[in-house]
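**Q** Provided below for reference: sequence and predicted model.
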Protein chains: 2
Amino acid sequence: MKLQVAIDRVSFEKAKNLTEIFDGLAEVIEIGTSLIKDYGLLKLKELTSKKNTSKLLGDIKTSDEGAYEFKQGFKQGFDILTVMGSAALETIDKCYEASEQNNGTMMIDLLECSDEKIKEISHFKNAIYCIHASIDREKLLNPAKTVKEFKERFPQVNRIAVAGGITLDCIPELSKHNIELVIVGSAITDAENPVQKAKQFKEAMGK
Amino acid sequence: MKLQVAIDRVSFEKAKNLTEIFDGLAEVIEIGTSLIKDYGLLKLKELTSKKNTSKLLGDIKTSDEGAYEFKQGFKQGFDILTVMGSAALETIDKCYEASEQNNGTMMIDLLECSDEKIKEISHFKNAIYCIHASIDREKLLNPAKTVKEFKERFPQVNRIAVAGGITLDCIPELSKHNIELVIVGSAITDAENPVQKAKQFKEAMGK
């Protein structure tokens, strides 16, 4: 189980600073949707070109124009990019193709996806599937239970991430399931000491 | 019926130039998703602060964090912003609230929305509902027929826009329906003479 720290709704300078701070500490650093839409991928290259150890994920939330957005994102130095599971299958196909061609990884954001839709898009072998509760709706009330049920319904999905209000308390239960990435945002970035908090998460994950 | 010209996948300078060219000619100028994700809303303020007559739409395609994205978009000078119909109802609620508070307009992009979902979100009185075929899937094969059927299924929706491969040939049939906005991208922007082409669209629309 790896830690992904999500940076969102901060200034460019603060994002730059947090990216440096978390480098090598979190396995994946997420540059959130708000940063992409506020500052743009071209400017964010300043962050991706600085990184060292951690993988950098751009939460681009592609809904259409799959090839254009994914090619652009990988060109600007991101390792992982997100597409909405609610997008057309053809869009997700194009994102996957661009990922494979650019030695990158596609993460599918399952926000608001029906079981029927998930089934239709569950065959992308190298993709990471992100179980995700909308920030506008509610947190995942019981993330471990949600993951367990997801795995029972979709045993064909190997790479799983979970996001949406994950706190330190959730980690012991989540650790029992075969989850690749746990995505944590404000529980780390809004902490008084974000580095210390990230270390606590990693300890709880047995690292 | 009004004309919305969509600017996408071009450099910032070209977008600036096209925005100036279309100002006052198209009732709405769309700054496409690709421009928002490539350059960011903060830089795009340079475009919104220059505009004169036309309304400016930011195709931000909000999927989550409705309040943050819509407040930011209106703050940067956009008149109309888009939210995905596939987003959580709570997200669309927050976008609508931000639109009403900021004297702006919400457009709901119905890309990949089921009839059931459209029904659930069809009550936003001041919103524009955009019937939209994915650029990755197919063009709307018969836009006028699609609009006619939509209006029969959702008579409660008053403000309708249509997008996805609209060409000059489509306009006479589309004119028969009560459509607020026809969104045209490459058929105008890729034309040898975009201004002349936009004028042809307006003539076909009876203006």
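**A** Perfect, I can see it now.

**Q** show me where chain A has its strands.
**A** Taking DSSP state E as the criterion, chain A carries its strands at A:2-7, A:28-31, A:55-62, A:80-84, A:105-109, A:128-132, A:160-163, A:181-184.

**Q** of the ones you listed, which is nearest chain B?
**A** Among the strands of chain A, the nearest to chain B by CB to the nearest CB is strand A:55-62 (5.0 Å). C-beta here means a position set from N, CA and C on the backbone, and glycine is covered the same way.

**Q** pull the residues that contact that closest one.
**A** Contact with strand A:55-62 is made by A:4, A:6, A:19, A:27-33, A:36, A:41, A:44, A:47-48, A:69-70, A:73, A:76-84, A:87, A:91, A:95, A:107, A:109, B:37, B:61, B:63-64, as judged by CB atoms under 8 Å, 6 or more residues apart in numbering or on different chains.

**Q** what's the angle between it and strand A:2-7?
**A** Here the directions of strand A:55-62 and strand A:2-7 differ by 60 degrees (axes from the mean of the first three to the mean of the last three CA atoms, to 10 degrees).

**Q** in strand A:55-62, what counts as buried?
**A** For strand A:55-62, a neighbour-count test (16 or more other CB atoms under 10 Å in any protein chain shown) marks A:55-62 as buried.

**Q** mind listing what that strand pairs with, with the direction of each?
**A** According to DSSP bridges, strand A:55-62 forms sheet pairs with strand A:28-31 (parallel), strand A:80-84 (parallel).

**Q** for the first one, the distance to its chain's centre please.
**A** Between the centre of strand A:28-31 and the centre of its chain there are 7 Å (CA atoms, centre = their mean, to the nearest Å).

**Q** go on, the longest one?
**A** In terms of CA atoms, centre = their mean, the centre of strand A:80-84 is found 8 Å from the chain centre.

**Q** and the pLDDT for A:G40?
**A** You'll see A:G40 listed with a pLDDT of 98.

**Q** surely it touches B:T33?
**A** No: A:G40 is not in contact with B:T33 according to CB atoms under 8 Å; the separation is 11.6 Å.

**Q** what about those two, which has more around it?
**A** It is B:T33, of A:G40 and B:T33, that has more neighbours when counted by other CB atoms under 10 Å in any protein chain shown, with 25 against 22.

**Q** where's the nearest residue to that one once chain neighbours are set aside relative to B:I29, distance?
**A** Distance criterion CB to CB, 6 or more residues apart in numbering or on different chains; nearest residue to B:T33, sequence neighbours excluded, is B:D59 at 4.6 Å. Between B:D59 and B:I29 the distance is 11 Å, computed by CB to CB, to the nearest Å.

**Q** residue of chain A nearest chain B, please.
**A** Nearest residue of chain A to chain B: A:G40, at 3.2 Å (CB to the nearest CB).

**Q** spell out which residues sit in contact with that residue, please.
**A** With CB under 8 Å, 6+ apart, A:G40 has these contacts: B:36-40, B:43.

**Q** neighbours around A:Q76, how many?
**A** By the criterion of other CB under 10 Å, A:Q76 has 23 neighbours.

**Q** am I right that it is in contact with A:K43?
**A** No: using CB under 8 Å, A:Q76 is not in contact with A:K43, being 9.1 Å away.

**Q** ok, the closest residue to A:T167 other than its chain neighbours to B:I7 distance?
**A** Closest residue in space to A:T167, ignoring its immediate chain neighbours: A:A187 at 5.0 Å, by CB to CB, 6+ apart. Note on A:A187: its distance to B:I7, by CB to CB, is 39 Å.

**Q** between the strands paired with strand A:55-62, which gets nearest to A:A198?
**A** When the strands paired with strand A:55-62 are compared by CB to CB, strand A:28-31 sits nearest A:A198, at 10.4 Å.

**Q** CA atoms only: put the longest helix seen in chain A into PDB for me.
**A** Counting by DSSP state H, the longest helix found in chain A is helix A:89-101. Included here for helix A:89-101 are C-alpha records, laid out as PDB according to Å, rounded to 0.1, in the frame of the first residue of the first chain:
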ATOM      1  CA  LEU A  89     -15.600   4.300 -23.400                       C
ATOM      2  CA  GLU A  90     -13.900   5.700 -26.500                       C
ATOM      3  CA  THR A  91     -12.400   8.500 -24.500                       C
ATOM      4  CA  ILE A  92     -11.000   6.100 -21.900                       C
ATOM      5  CA  ASP A  93      -9.600   3.900 -24.800                       C
ATOM      6  CA  LYS A  94      -7.700   6.900 -26.200                       C
ATOM      7  CA  CYS A  95      -6.400   7.800 -22.700                       C
ATOM      8  CA  TYR A  96      -5.200   4.300 -22.300                       C
ATOM      9  CA  GLU A  97      -3.500   4.200 -25.700                       C
ATOM     10  CA  ALA A  98      -1.700   7.500 -24.900                       C
ATOM     11  CA  SER A  99      -0.600   6.100 -21.500                       C
ATOM     12  CA  GLU A 100       0.800   2.900 -23.000                       C
ATOM     13  CA  GLN A 101       2.600   4.900 -25.700                       C
END
